[in-house]
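let me see the structure of the following:
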Amino acid sequence: MSERAGLVEKDHLKISLRRQCALLGVARSTVAYVPVAEDPEDVRIKRLVDEIYMKDPCLGVRRLVTVLARDHGLKVNRQRLQRLRRELGHEAIWCRPRTSIPDAGHVKYPYLLRNLAVTRPAQVWCSDLTYVPMPAGHAFLCAVMDWHTRKVLGWALSNTMDTGLGLEALKQALETAGRVPEIFNTDQGSQFTAAEWTGRLTELGVKISMDGRGRWLDNVFIERLWRSGRGL
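Residues are numbered from 1 along each chain as shown. Reported below is the predicted structural model:
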């Protein structure tokens with residue numbers, strides 16, 4: 001009996017590789033996979049690209065090719081650099097999808113700043129949204145700026161681009177300034193045309209102004225803040 005039991009036990013150990021993979025819940029194709037070591041030069045390039053990105057996240061692939069050749073003596077073609085940037089998860093800031101997405105059902109207000117002489121603080125405030133690159137993904141940043149002093153009065157950061165982000169920045173700005181602006185200017189993004197946002201400004205007695213469609217120059221000062229990366 002013991003000899004027969006031993007034979008049965010040996011038979012049970014003879015399980016095909018396909019069956020073993022099915023029992024373990026792994027793909028058959030991954031069992032014999034041997035990872036290939038990454039090219040040392042690719043590692044070096046990615047490290048340099050990452051360092052450059054932290055200093056100037058607005059650089060695109062074409063300018064990066066020039067910077068790597070000029071400052072580091074590396075000749076890298078665009079296709080290779082695009083692949084390495086995808087592996088790093090890098091995207092130039094100005095290439096992100098638009099944050100100013102209008103909503104057809106929201107009321108659009110006229111632009112009130114054309115030919116207006118802004119001569120004192122709290123005469124005009126402005127606000128806008130941008131994004132901040134993170135180790136994994138990105139976050140959205142909203143800031144409120146005084147048009148006359150160019151001072152950032154309030155800001156808020158979130159992983160969602162909704163009206164609450166702007167309201168949080170507005171709340172902080174009101175607390176910082178201790179006063180209410182006469183005019184508040186934004187773009188026509190859905191966050192700033194939503195009833196929650198316009199209703200709050202109306203409650204405060206603020207005149208609402210919005211950029212013309214496609215007219216980023218109408219809110220140029222806060223646009224410059226995003227481009228310079230300074231002010232916060």
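
element containing residue 184?
Following DSSP states H and E, one finds residue 184 within strand 183-186.

does residue 157 sit in a helix, a strand or a coil?
Judged by DSSP: H, G, I helix; E, B strand; the rest coil, the three-state class of residue 157 is strand.

would you confirm that it contacts residue 143?
No. When contacts are counted by C-beta atoms under 8 Å, residue 157 is not listed as touching residue 143 (9.9 Å). Using the backbone N, CA and C atoms, a C-beta is placed for each residue, glycine as well.

quick one: least confident helix or strand in the chain?
When the helices and strands of the chain are scored by mean pLDDT, DSSP states H and E, helix 2-13 comes last with a mean of 49.

between residue 157 and residue 143, point out the one with more neighbours.
Shown here are residue 157 and residue 143; by other C-beta atoms under 10 Å, residue 143 has more neighbours (24 against 15).

surely that one and residue 152 touch.
Yes. Here residue 143 reaches residue 152: they are 5.3 Å apart, a contact under C-beta under 8 Å.

give me the pLDDT for the residue nearest to the spatial centre of the chain.
When C-alpha atoms, centre = their mean is applied to the chain, the residue found nearest the centroid is residue 131 (3.4 Å). Turning to residue 131, the model gives it a pLDDT of 74.

now the closest residue to it other than its chain neighbours: how far from residue 149?
In this structure, residue 131 finds its nearest non-sequential neighbour in residue 138, 4.7 Å apart by C-beta to C-beta, 6 or more residues apart in numbering. Residue 138 is 29 Å from residue 149, where distance means C-beta to C-beta, to the nearest Å.
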